[in-house]
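Asker: how would this look folded up:
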Amino acid sequence: MIDQLAQEYSNQPVVVVDYHLDITEAPPLFEPPQARWDVIQATEEGLGLTWTVVDSGRLYHRGAETYEQAYTAYTTMINDALTQPATAEIYAYWWLDGSTVKITATVTNNSAITLSAENNAGVYGIVKENGVRYETHTTSQPGLAASKTPISSLAPGQTDTFEIEVPDIDPTDWDKVEIIVLVDYQTAPGEHYDQLQAAIAPKALDIQPNLHTWFLDDGDTLVPGFSSTVLGNAGLAWIASSDQTWLTLDKSSGVVGDSLGMITAGENLIPGWNTAIVAITDNSATYSANVIVNIYKASPGEVINRIYLPVVTRP
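Answerer: Predicted coordinates:
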């Protein structure tokens with residue numbers, strides 16, 4: 001059901017996050033941390049086997065017993081949320097420091113509410129991994145972890161920047177990780193929360209494609225030139241280097257948006273797999289990204305068998 005909804009709403013600004021709650025533990029074991037559990041629990045006391053929360057609790061549903069009941073309840077809430085105007089602006093980006101996801105989020109409060117500690121307002125960073133089913137989760141939309149940075153005071157019309165850290169992230173595949181940043185507050189003591197806005201944060205520095213793989217037949221040395229594009233914060237300057245002498249770069253520095261060309265000296269490759277890592281960093285070495293280049297060179301007399309599959313795209 002949840003995976004189906006994620007697919008059905010994939011072309012709209014809807015993000016589905018599956019949180020893990022183990023009700024066999026006392027007290028219940030909840031991951032991500034207590035801050036999001038507080039938001040969820042504010043909707044209704046007690047525990048439920050199904051507990052779906054939209055807009056940080058502005059809408060919620062518990063106890064759907066049939067597929068039809070759940071589908072109707074969930075889509076009704078989602079469709080309602082899509083009609084609500086955003087009451088905040090979020091500009092955010094993230095980077096990795098060891099196993100910690102670090103997020104910088106600039107928030108403009110466009111609501112009529114002053115966001116503060118009094119109404120438990122906060123900026124959240126949620127780490128989600130798309131398309132992976134963990135034993136602890138029932139869907140392929142797992143929320144791995146989250147953190148909250150409280151808002152001490154942000155009056156209507158004001159803008160401020162917040163730093164969020166989500167430690168100890170160990171996903172199956174970093175390429176499937178998505179960072180969600182949202183702002184919410186508690187509408188009244190003991191009442192539900194409401195969400196002002198949410199956004200998907202891009203990486204501060206990225207490069208795509210980040211993997212190139214080639215195969216060279218016995219006797220071949222020519223690998224066509226190939227390139228990747230550096231992405232990230234507008235205007236950010238970067239430097240690049242290759243860790244192998246057989247792979248050179250067409251430039252050693254540039255700015256976000258530039259293409260980085262890679263040139264292979266095929267005559268210097270050895271039989272078997274050859275791997276190079278191209279490292280991209282900003283000038284302060286705060287942000288980083290890598291491109292992996294794999295080239296398989298056939299041994300003398302070895303024949304590389306290839307299978308060609310047609311790919312048909314439809315409008």
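
Asker: For Ala298, see how far away Asn305 is.
Answerer: Using C-beta to C-beta, to the nearest Å, we find Asn305 at a distance of 11 Å from Ala298. Bear in mind the C-beta positions are built from the backbone N, C-alpha and C, glycine included.

Asker: Neighbour count: the two, which is higher?
Answerer: Ala298 (16 against 5; other C-beta atoms under 10 Å).

Asker: Am I right that the more buried one is in contact with Gly266?
Answerer: No - contact criterion C-beta atoms under 8 Å: Ala298 and Gly266 do not qualify, at 11.7 Å.

Asker: could you pull out the helices for the stretch 1-150 of the chain?
Answerer: Secondary structure of the stretch 1-150 of the chain by DSSP state H, counting those that start in this stretch: the helices cover 2-8, 34-41, 67-83.

Asker: Name the residues contacting each of Asn305 and Ala298.
Answerer: Common neighbours of Asn305 and Ala298 (criterion: C-beta atoms under 8 Å, 6 or more residues apart in numbering): none identified.

Asker: Nearest the geometric middle of the protein, what residue?
Answerer: Glu178 (1.1 Å; C-alpha atoms, centre = their mean).

Asker: nearest residue to that residue other than its sequence neighbours?
Answerer: Leaving aside its chain neighbours, Glu178 sits nearest to Lys128 (4.8 Å; criterion: C-beta to C-beta, 6 or more residues apart in numbering).

Asker: Determine which of the helices of the stretch 1-150 of the chain shows the lowest mean per-residue pLDDT.
Answerer: Note on the helices of the stretch 1-150 of the chain: helix 34-41 shows the lowest mean pLDDT, a mean of 79.

Asker: So which elements touch that helix?
Answerer: Under the contact criterion of 3 or more C-beta pairs under 8 Å, 6 or more residues apart in numbering; DSSP states H and E, helix 34-41 touches strand 51-54, strand 122-129, strand 143-150.

Asker: Below-threshold pLDDT in the stretch 51-200 of the chain: ranges please.
Answerer: For the stretch 51-200 of the chain, not a single residue meets the criterion pLDDT under 70.

Asker: 80 instead?
Answerer: 63-65 (pLDDT under 80).

Asker: For it, which segments count as strands?
Answerer: 51-54, 59-62, 88-97, 100-109, 115-116, 122-129, 143-150, 153-154, 159-166, 177-186, 193-201 (DSSP state E, counting those that start in this stretch).

Asker: And for Asn283, the neighbour number?
Answerer: 11.

Asker: isn't it right up against Ala237?
Answerer: Yes - assessed by C-beta under 8 Å, Asn283 is found in contact with Ala237 at 5.4 Å.

Asker: Against Gly272, how distant is Asn120?
Answerer: Counting by C-beta to C-beta - Asn120 and Gly272 are separated by 58 Å.

Asker: Settle it for me: which of the two has more neighbours?
Answerer: Asn120 (20 against 11).

Asker: and that one, how far is that from Ser56?
Answerer: Taking C-beta to C-beta, one finds Asn120 at 11 Å from Ser56.
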